[in-house]
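Enquirer: have a look at this fold, sequence not included:
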């Protein structure tokens with residue numbers, strides 16, 4: 001006998017009516033509590049007014065360049081900016097070298113072999129650069145081989 005043979009909608013309705021008609025002392029309080037819980041849940045859901053996603057924000061683009069610049073103006077602007085960047089990089093390199101000089105002096109005063117430390121550091125940087133170049137060459141070799 002299969003499970004679905006025991007299920008019948010008409011039999012379920014008759015069973016519900018039979019149980020509902022039985023005299024029980026807690027029927028009305030249980031029905032009231034059930035109705036109150038249902039009403040409370042639906043009233044909370046009713047007050048939520050989430051209709052959908054919020055509208056997309058309006059974007060205002062701010063540009064510092066004139067919209068109709070010519071290619072010559074763009075090139076001149078890029079050249080001026082590059083000169084400023086080169087000047088800043090040179091100043092930073094000068095500051096870095098000054099700091100290195102301070103640390104070299106401090107190392108010599110402390111009794112360290114600063115020249116040996118610099119040679120070791122330079123050798124380590126060179127080895128890292130070679131390893132990076134080797135890795136890049138291998139990656140290029142694989143990408144060329146797979147294409």
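Expert: Thanks, I have it. Everything numeric in this text was worked out from a predicted model, so none of it was measured.
Enquirer: how near is residue 24 to residue 30?
Expert: Using C-beta to C-beta, to the nearest Å, residue 24 is found at 8 Å from residue 30. (Glycine included, C-beta is placed from N, CA and C.)
Enquirer: tell me the contacts of residue 114?
Expert: Residues in contact with residue 114 (C-beta atoms under 8 Å, 6 or more residues apart in numbering) are 104, 107-108.
Enquirer: which one of these is nearest to residue 120?
Expert: Ranked by distance to residue 120 (C-beta to C-beta), those are led by residue 107 at 12.8 Å.
Enquirer: and the helix or strand encompassing the closest one, average pLDDT?
Expert: Using DSSP states H and E, the element containing residue 107 is helix 71-110. Average pLDDT, helix 71-110: 94.
Enquirer: give the phi and psi angles for the residue of the chain positioned farthest from its centre, as a check.
Expert: Going by C-alpha atoms, centre = their mean, the residue of the chain most distant from its centre is residue 23, 62.6 Å out. Main-chain dihedrals, residue 23, degrees, to the nearest 10: phi -80, psi 110.
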